[in-house]
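Peer 1: Whatever this is, show me its structure:
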Amino acid sequence: MSLLSIALINLKPGTGKTTSAVWLAHAFHELGKPVLLVDADPAASALEWSDLAGGFPFRIIGMPTKEVHRRVPEVARPDEVVIIDAPQMEDHKGIARSVLRLADELVIPVAPHGIEINRMSPVLDEIEDIQPIRERPARVSVLLNRINRSSTTHVETREDLTEDGWHVLTMMLPFVNLYSQSFGLPVAARATEAEALAEELAKRGGL
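Peer 2: Numbers count the residues shown, from 1 in each chain. Presented below is the predicted three-dimensional model:
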């Protein structure tokens with residue numbers, strides 16, 4: 001099995017899963033870790049991004065199947081960090097649940113807005129339902145992304161989520177063109193936020 005597996009999950013599309021997964025994969029690569037990016041979404045956005053960008057500097061495979069939890073261990077190398085771009089749960093529940101059975105770290109990317117925060121409850125319900133059949137419990141964390149640095153909304157959201165028992169990652173991804181307009185482009189620029197996020201997740205995973 002891999003060194004560490006991290007899945008980006010959410011109930012609906014458009015929450016920044018693919019962008020977060022791709023930048024996180026590049027960040028781990030920049031930190032010197034071998035990476036396998038698994039595109040488990042039938043929309044294949046991460047694979048399309050790689051094609052448009054002329055390829056990524058690490059392995060990327062498509063795996064939109066309900067057998068992710070069985071197939072990834074067959075192809076992942078022991079020294080690799082596996083990043084999984086999961087499909088939205090509302091349309092591809094079987095695949096998403098398979099991802100939930102596998103990943104060491106389940107990261108829920110959300111913008112600090114009420115509608116996205118409210119959608120986290122069904123995600124947590126699925127995670128709690130799957131935990132008993134995992135080999136070991138998954139770690140669950142929230143990634144605040146698309147934040148407006150000039151607003152305090154993300155601060156208040158962090159406080160509310162923490163009070164509700166969520167683990168909110170220290171690192172946040174801002175709503176800037178470096179991330180929001182990067183689809184299909186080579187990820188050539190180093191991003192301090194993405195690298196700090198990779199380091200935080202690596203520490204949580206004991207690396």
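Peer 1: Leaving out chain neighbours, which residue sits closest to S2?
Peer 2: The spatially closest residue to S2, leaving aside those adjacent along the chain, is A76, at 4.0 Å (Cβ to Cβ, 6 or more residues apart in numbering). Bear in mind the C-beta positions are built from the backbone N, C-alpha and C, glycine included.
Peer 1: Surely the one you found and V82 touch.
Peer 2: Yes - counting by Cβ atoms under 8 Å, a contact exists between A76 and V82, whose distance comes to 5.2 Å.
Peer 1: Looking at the two now, which is surrounded by more residues?
Peer 2: Higher neighbour count among A76 and V82: V82, with 27 against 21, using other Cβ atoms under 10 Å.
Peer 1: The more buried one in helix, strand or coil?
Peer 2: Classification of V82 by DSSP: H, G, I helix; E, B strand; the rest coil places it in strand.
Peer 1: which residues does it contact?
Peer 2: V82 is in contact with S2, L4, S5, I6, V35, L36, L37, V38, V72, A76, A103, counting by Cβ atoms under 8 Å, 6 or more residues apart in numbering.
Peer 1: Quick check: the farthest pair among those?
Peer 2: Between any two of the contacts of V82, the greatest separation by Cβ to Cβ is 14.4 Å, found for V35 and A103.
Peer 1: The two - which one has more neighbours?
Peer 2: Neighbour count, other Cβ under 10 Å: between V35 and A103, A103 has more, with 27 against 24.
Peer 1: Would you check how far apart the more buried one and H113 are?
Peer 2: To H113, A103 is 25 Å away according to Cβ to Cβ, to the nearest Å.
Peer 1: again with H167
Peer 2: Using Cβ to Cβ, one gets 20 Å for the distance from H167 to H113.
Peer 1: ok, now S20?
Peer 2: With distances taken as Cβ to Cβ, S20 is found 16 Å from H113.
Peer 1: If you count surrounding residues, which of these two has more?
Peer 2: The residue with more neighbours, out of S20 and H113 and counting by other Cβ under 10 Å, is S20; that gives 24 against 11.
Peer 1: Name the next helix or strand downstream of whichever strand or helix holds the more buried one, please.
Peer 2: Counting by DSSP states H and E, the secondary-structure element that holds S20 is helix 17-30. Scanning forward in sequence from helix 17-30, with DSSP H and E defining helices and strands, the next element found is strand 35-39.
Peer 1: what's the angle from that following strand to helix 17-30?
Peer 2: An angle of 170 degrees separates the directions of strand 35-39 and helix 17-30 when computed by axes from the mean of the first three to the mean of the last three Cα atoms, to 10 degrees.
Peer 1: chain center to strand 35-39, what's the gap?
Peer 2: From the chain centre to the centre of strand 35-39 is a distance of 11 Å (Cα atoms, centre = their mean, to the nearest Å).
Peer 1: Quick one: residues in contact with that strand.
Peer 2: Residues outside strand 35-39 that contact it (Cβ under 8 Å, 6+ apart): 2, 21-22, 25, 28-29, 45-47, 56, 58-64, 68, 72, 75-77, 80-85.
Peer 1: Show me how to select, in PyMOL, the buried members of those residues.
Peer 2: One line in PyMOL is enough to select the buried ones among the contacts of strand 35-39; burial here means 16 or more other Cβ atoms under 10 Å:
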select buried, resi 2+21+22+25+28+29+45+46+47+56+58+59+60+63+64+68+72+76+80+81+82+83+84+85
